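>>> give the three-dimensional model of this entry:
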Amino acid sequence: MEEMIAKGGAVAAAAPTQRNNILYFFSALTTSMFVWGCVDAESPPMKAAEFLGIKSLYDRLAETFNKPHVDNLLPDWPMPNVPANIPCPHTLVLDLEETLVNASWDKRYGWRYAKRPGVDKFLSTLANYYEIVLMSPSLPQNAEPVIAALDKERYIMHHVFREGLHYIDGVHVKDLSKLNRPVNRIVVIDDDRDAVKLHPDNLIKVKPYTDKHDREDNTLLNLIPILVEIAKSNTKDIPATLYQFRGMDADQIASEYNRRVQGVRDQAAQASASGLGSFARTLPPPDLAPQTVSVAKKSGLTSKDLMGDVSGAERVGGGGKKGGVTDWWEQRNKDKAELQMIKQQKWQEVMIKREEKKKKKQDIN
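Numbering: from 1, shown residues only. Next up, the predicted model:
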């Protein structure tokens, strides 16, 4: 009898466990089906929602699931420690994978990354003219070590990762309206048109950098003159400006820009030979020097130094291995206090000198 009671108790104790397992299974199944419907408009869950007449409800739920985690991905301008009278510069949004770097898998070393030729000069030059934002569909724990190695001088001011992007039809899309900056003053450099399909007229598309052995790639270097010209001329409507190059990729745009500049030079030379040089209309040469002084080493002010990581993601350690994410993150925190004062001072110096130069130019005119 006692044995039967013991067995009965064991069966009774097992019953709740079995029920819990069944509940967990159906909960996981329901969640998986919902996520499947969110990421694939042609999936059976989405078709079933259409058949049952609840697609609109499903779409609203999916929109909440897929949209960026915050409404404003960047802090308000002026940011802390930036003088209030400094106007907001243009914004340059950069992709990471196959735009700035090439990623390849090695059986022995794992993921390895190669910088696109010219990326150092590209960043150091344009940091004088733009508020640079990197937007990547990668997870922060994967992308941060790559960015740390790529941008040692910290010219990139803000990092936005997967949770800051809008997931639409299987693509992580960069919604520029969430950047808390005027959309018509934003330029995007990306190798994927679909990633910027909400604002296609802000895009300068570069060819994907897929061959790490290609050291003759000049795409980034060729873009510097036209990007500098956009900033120096204080272009009010970047989509309207880029519309004239619609259908061209970055290399074609750079080639067309250089052709036009050369044409204006030729006209100026002809006018000068005819005694009309003083009335000739000229444009800046392609290789423009930055305004004011160059940004000093370790002087790039980043949003993470001022406002914390805009991605809001938790850091994942690298297991204590030297060179991993954890070691890099710990070293970064040690250097942070020392660099903070330098960053603030240099940023203020650069922006104040730029404003003084602009004011002097206005007084002369």
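
>>> hey, where'd the helices end up in the stretch 51-200 of the chain?
Counting by DSSP state H, counting those that start in this stretch, one finds helices in the stretch 51-200 of the chain at the ranges 55-66, 119-126, 140-150.

>>> what packs against the shortest one?
Right, the one you point to is helix 119-126. Contacts defined by 3 or more CB pairs under 8 Å, 6 or more residues apart in numbering; DSSP states H and E place helix 119-126 against helix 219-232. C-beta here means a position set from N, CA and C on the backbone, and glycine is covered the same way.

>>> and the helix it packs on with helix 119-126, angle?
0 degrees (axes from the mean of the first three to the mean of the last three CA atoms, to 10 degrees).

>>> then the next helix or strand after helix 219-232 to PDB, C-alphas only?
Using DSSP states H and E, the next helix or strand after helix 219-232 towards the C-terminus is helix 238-243. Extracted in PDB, the C-alpha atoms of helix 238-243 (Å, rounded to 0.1, in the frame of the first residue of the first chain):
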ATOM      1  CA  ILE A 238      21.100  66.900 -49.900                       C
ATOM      2  CA  PRO A 239      18.400  64.600 -51.600                       C
ATOM      3  CA  ALA A 240      17.800  67.300 -54.200                       C
ATOM      4  CA  THR A 241      21.600  67.700 -54.700                       C
ATOM      5  CA  LEU A 242      22.100  64.000 -55.200                       C
ATOM      6  CA  TYR A 243      19.100  63.600 -57.400                       C
END
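
>>> from now on call the first residue 259
Got it, the first residue is 259 from now on, which makes the last one we talked about helix 496-501.

>>> burial count for the nearest residue to residue 377 once chain neighbours are set aside?
Setting aside the residues directly before and after it, residue 377 is nearest to residue 358 in space (CB to CB, 6 or more residues apart in numbering), at 5.4 Å. The number of residues packed near residue 358 is 26, by other CB atoms under 10 Å.

>>> strands along the stretch 459-608 of the chain, start to end?
For the stretch 459-608 of the chain, strands defined by DSSP state E, counting those that start in this stretch occupy the ranges 461-463.

>>> can you pull the poorly scored residue ranges out of it?
Along the stretch 459-608 of the chain, segments meeting pLDDT under 70 span 532-604, 606.

>>> for the residue nearest to residue 377, which residues are in contact?
Residues in contact with residue 358 (CB atoms under 8 Å, 6 or more residues apart in numbering) are 352, 373, 374, 377, 408, 467, 478.

>>> run the last query once more with 10 Å
For residue 358, the contact set (CB atoms under 10 Å, 6 or more residues apart in numbering) comprises 352, 371, 373-374, 377, 380-381, 392, 394, 404-405, 408-409, 414, 447, 449, 464, 467, 478.

>>> how about residue 409?
Contacts of residue 409 were listed using CB under 10 Å, 6+ apart, and they are 352, 358, 377, 378, 381, 382, 385, 390, 392, 417, 558, 560.

>>> dump the residues you listed to TSV, plus distance to residue 365.
Output for these, formatted as TSV (distance: CB to CB, whole Å):
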residue	distance to residue 365
352	30
358	25
377	27
378	29
381	31
382	35
385	37
390	35
392	29
417	30
558	36
560	35
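
>>> who wins on neighbours among these?
Neighbour-wise, those (other CB under 10 Å) top out at residue 358, 26 neighbours.

>>> so residue 376 makes contact with residue 508?
No: counting by CB atoms under 10 Å, residue 376 stays clear of residue 508, with 11.8 Å between them.

>>> give me the more crowded residue out of those two.
Comparing residue 376 with residue 508 by other CB under 10 Å, the one with more neighbours is residue 508, at 22 against 18.

>>> distance check, the more buried one against residue 442.
20 Å (CB to CB, to the nearest Å).

>>> what of residue 403?
34 Å.

>>> circling back to that earlier point, which neighbours do residue 376 and residue 508 share?
Each of 477, 478, 480, 481 lies in contact with both residue 376 and residue 508 under the rule CB under 10 Å, 6+ apart.

>>> residue contacts, the first one?
Translated: residue 477. Counted by CB under 10 Å, 6+ apart, residue 477 has contacts 357, 374-376, 380, 447, 449, 462, 464-465, 467, 507-509, 512.

>>> quick one, domains of this protein?
Domains of the chain are assigned by automatic domain parsing as 260-324, 348-622.

>>> OK, contacts around the closest residue to residue 495 other than its chain neighbours?
Once flanking residues are discounted, residue 495 sits nearest to residue 442: 4.9 Å by CB to CB, 6+ apart. Contacts for residue 442 (CB under 10 Å, 6+ apart) come out as 348, 434, 457, 459, 460, 493, 494, 495, 496, 497, 498, 499.

>>> can you tell me which of those is nearest residue 335?
For these, the residue nearest residue 335 by CB to CB is residue 348; the value is 11.8 Å.

>>> right, and residue 462 touches residue 485 too?
Yes: Residue 462 is within contact range of residue 485, at 8.2 Å (criterion: CB under 10 Å).

>>> okay, how far is it across stretch 434-446, tip to tip?
9 Å (CA to CA, to the nearest Å).

>>> buried ones in that stretch?
434, 436, 437, 438, 439, 441, 442, 443, 444, 445, 446 (16 or more other CB atoms under 10 Å).

>>> ok, of those, which one's closest to residue 302?
residue 436 (31.2 Å).

>>> and the closest one, how far from residue 358?
For residue 436, the distance to residue 358 (CB to CB) stands at 21 Å.

>>> kind regards, and thank you for your time.
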